[in-house]
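> whatever this is, show me its structure:
(one chain, ligands or ions: 1)
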Amino acid sequence: MTEIERLYLDLLKKSLSDSLRLDKPMFRIKDNVVLNVVNKILMTVNYSVIKVLFPKREDLIEGKMLPPTAESMIGFKRLDNIQYCIEEVVKNKIEGDILETGAWRGGATILMRAVLKVLNVTDKKVWVADSFEGLPKPSFEADMGDKYYLFKGLNVGLEEVKENFERYSMLDDQVVFLKGWFKDTLPVAPIDKLSILRLDGDMYESTMDGLNNMYHKLSIGGYCIVDDYGCVPACKTAIEEFRAKHEITDEIHKVDWTGVYWKKTK
Ligand SMILES: C[S@@+](CC[C@H](N)C(=O)[O-])C[C@H]1O[C@@H](n2cnc3c(N)ncnc32)[C@H](O)[C@@H]1O
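As a prediction, this is how the structure comes out:
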């Protein structure tokens with residue numbers, strides 16, 4: 001990779017995580033029944049009630065907050081890890097596409113497509129799996145009490161995600177969207193082989209659906225990346241159960257306070 005290409009990808013990661021200007025305040029338009037009415041009126045004269053946020057540098061770099069406008073919430077370090085894994089599988093000629101289960105606004109998958117473009121890789125697709133309407137209601141014991149499905153901030157429609165790809169000039173036929181619950185879409189997804197499986201579904205069920213339906217398609221030498229290992233105990237439980245059941249002993253590497261990955265060796 002040339003220096004210019006590396007600089008482009010660094011700039012892209014900073015833009016996708018909104019960490020380009022680390023000390024600037026951020027604004028979130030408050031979303032509740034009363035303020036929605038007030039804002040609707042104020043907007044007619046270009047005003048709005050907003051919450052001003054002063055994010056800490058570390059929170060943006062390590063993806064510890066829900067950014068108001070960034071296309072990815074995973075922070076610079078986990079974006080960087082995606083680039084590292086793609087560079088490695090391309091360098092080592094590991095066959096297979098790239099899948100993220102849990103795309104939200106699409107940021108991580110936009111980066112995946114961009115890295116392939118920079119590396120001139122035309123035989124790998126980026127699969128973007130999401131309900132595009134938030135998380136499912138918990139139905140497994142390990143997820144009981146989980147309230148993420150009530151959180152509207154995690155509900156981003158397919159058209160908005162496609163627009164985000166378009167804005168970064170990354171929407172093309174190497175990108176495939178899988179819309180629906182993982183339990184329905186993943187078993188029938190026409191994916192033959194993967195070189196990278198990135199799990200970012202925030203729950204036991206979502207993590208397990210990704211592993212049960214896709215891990216056997218991950219090539220030897222490919223990477224399994226888990227976004228929520230450190231921050232969602234139910235996700236860690238799913239990983240531990242699956243690894244124990246399938247006798248996976250590949251070393252788990254830490255990316256940051258929550259993200260981990262391992263290289264599949266057998
Ligand atoms: C934490 S966000 C993903 C963040 C994203 N990777 C990024 O770069 O910012 C989790 C996403 O997973 C999706 N999701 C979680 N469980 C799901 C399931 N079982 N089926 C479909 N989508 C699911 C949600 O809709 C949400 O968009």
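> can you map out the helices along the stretch 51-200 of the chain?
Taking DSSP state H, counting those that start in this stretch as the criterion, the stretch 51-200 of the chain carries its helices at 57-61, 75-91, 107-118, 158-167, 182-185.
> mind checking which of those is nearest residue 259?
Closest approach to residue 259 among the helices of the stretch 51-200 of the chain (C-beta to C-beta): helix 75-91, 4.4 Å. In short, each C-beta sits where N, CA and C put it, glycine included.
> quick one on the thing from earlier: just name the most buried of the helices of the stretch 51-200 of the chain.
helix 107-118 (a mean of 25; mean count of other C-beta atoms under 10 Å).
> let me see the mean pLDDT of that helix.
For helix 107-118, mean pLDDT is 98.
> ok, residue 209 touching residue 184?
No - using C-beta atoms under 8 Å, residue 209 is not in contact with residue 184; the gap is 9.3 Å.
> what sits against the residue in the stretch 101-250 of the chain positioned nearest to the ligand?
Relative to the ligand, the nearest point of the stretch 101-250 of the chain is residue 102 (2.9 Å; C-beta to the nearest ligand atom). Counting by C-beta atoms under 8 Å, 6 or more residues apart in numbering, residue 102 touches 129-130, 199-202, 206, 227.
> spell out which parts of the protein neighbour the ligand.
72-74, 100, 102-104, 107-108, 130-131, 134-136, 154, 156, 181-182, 200-203, 205-206, 209 (C-beta under 6 Å from any ligand atom).
> before we move on, the earlier item: let's have the helices of the stretch 51-200 of the chain in a markdown table, adding distance to residue 27.
As requested, the helices of the stretch 51-200 of the chain are exported to a markdown table (distance: least, C-beta to C-beta, whole Å):
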| stretch | distance to residue 27 |
| --- | --- |
| helix 57-61 | 15 |
| helix 75-91 | 19 |
| helix 107-118 | 19 |
| helix 158-167 | 19 |
| helix 182-185 | 33 |
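> quick one: which of those is nearest residue 141?
helix 182-185 (16.1 Å).
> for that closest one, packing partners?
Under the contact definition 3 or more C-beta pairs under 8 Å, 6 or more residues apart in numbering; DSSP states H and E, helix 182-185 sits against helix 204-214.
> what's the helix it packs on packed up against?
Against helix 204-214 (3+ C-beta pairs under 8 Å, 6+ apart) you get strand 97-101, helix 182-185, strand 194-199, helix 233-245.
> for residue 80, find the nearest of those.
strand 194-199 (13.4 Å).
> convert the C-alpha atoms of the closest one to CSV, please.
This file holds the C-alpha atoms of strand 194-199, laid out as CSV (Å, rounded to 0.1, in the frame of the first residue of the first chain):
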residue,chain,number,x,y,z
LEU,A,194,-15.6,-16.2,4.3
SER,A,195,-12.2,-14.8,5.0
ILE,A,196,-13.5,-12.5,7.7
LEU,A,197,-16.5,-13.0,10.0
ARG,A,198,-17.2,-9.9,12.1
LEU,A,199,-19.8,-10.3,14.8
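> list the neighbouring strands of that strand plus their orientation.
The pairing partners recorded for strand 194-199 under DSSP bridges are strand 97-101 (parallel), strand 218-226 (parallel).
> so which of these is the most packed in?
When those are scored by mean count of other C-beta under 10 Å, the highest mean neighbour count falls to strand 97-101 (a mean of 26).
> can you give me the angle that strand makes with helix 75-91?
150 degrees (axes from the mean of the first three to the mean of the last three C-alpha atoms, to 10 degrees).
> which residues does strand 97-101 contact?
86, 108-109, 112, 116, 124-130, 182, 186, 191-201, 206, 209-210, 214.
> shaky segments in the stretch 1-150 of the chain?
30 (pLDDT under 70).
> mind listing the strands for it?
26-29, 50-53, 97-101, 126-130 (DSSP state E, counting those that start in this stretch).
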